[in-house]
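> need a structure here:
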Amino acid sequence: MADETQRTLVFLKALNGDFGRLQLWFDEHVLDMYRTQPAFRVLRTNTAGRVRSASWSLDFGIADEDRLIHASLMDLSQRLPEADRDHWAQHIHSPPASRNFLLMRLGGGACIDDGEIRDWT
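From the prediction side, this is the model:
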């Protein structure tokens with residue numbers, strides 16, 4: 001059910017241009033910094049949480065038996081203070097990816113020759 005919900009509610013929205021709803025995943029230890037500072041509270045239910053200070057808050061989902069949290073791109077870009085973004089980037093969790101493909105797509109669009117072109121059979 002979770003996979004079907006994710007596909008339907010998140011990915012189809014993104015395919016229709018609603019990119020702000022895409023989720024980024026983080027190791028739950030990204031929250032450790034906030035747990036130790038008295039100016040912050042980290043609250044949760046079984047499946048969702050919030051990090052909150054007097055000046056900002058960010059809601060997140062809780063997944064993978066509390067090992068991962070996730071938040072939408074829109075919330076991260078609009079609510080997470082710029083000063084905290086490097087900290088969150090250090091805790092990002094991403095699935096395996098093709099390094100060369102990412103370089104091609106994110107690094108200027110240049111093609112990288114990493115082997116012969118062939119049919120995938």
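
> CA atoms for contacts and neighbours, from now on please.
Fine.

> where do the helices sit along the chain?
In the chain, the segments counted as helices under DSSP state H are 2-6, 12-15, 32-35, 73-79, 82-89, 99-106.

> What residues sit buried inside the fifth one?
Of the residues in helix 82-89, those scored as buried under the neighbour-count criterion (16 or more other Cα atoms under 10 Å) are Trp88.

> hmm, who's touching that helix?
With contact meaning Cα atoms under 8 Å, 6 or more residues apart in numbering, helix 82-89 is reached by 26, 30.

> pLDDT on it, on average?
The pLDDT scores in helix 82-89 average 97.

> In this protein, where's the longest strand?
Criterion DSSP state E: the longest strand present in the chain is strand 57-63.

> Can you work out which other helices and strands pack against that one?
Applying 3 or more Cα pairs under 8 Å, 6 or more residues apart in numbering; DSSP states H and E, one finds that strand 57-63 makes contact with strand 48-52, strand 68-72, helix 73-79.

> Repeat the analysis, applying 6 Å as the threshold.
Packing partners of strand 57-63 (3 or more Cα pairs under 6 Å, 6 or more residues apart in numbering; DSSP states H and E): strand 48-52, strand 68-72.

> quick revisit: quick check: which of the helices of the chain is nearest to Leu24?
Nearest to Leu24, of all those, is helix 73-79, at 6.7 Å by Cα to Cα.

> what number of residues lie near Ala71?
Number of residues near Ala71 (other Cα atoms under 10 Å) recorded here: 20.

> Compute the inter-axis angle for the longest strand of the chain and strand 68-72.
130 degrees (axes from the mean of the first three to the mean of the last three Cα atoms, to 10 degrees).

> now strand 57-63: how far from the chain's centre is it?
Counting by Cα atoms, centre = their mean, to the nearest Å, strand 57-63 is centred 10 Å from the centre of its parent chain.

> Over to stretch 28-43?
Using Cα atoms, centre = their mean, the mean C-alpha position of stretch 28-43 is found 18 Å from that of the whole chain.
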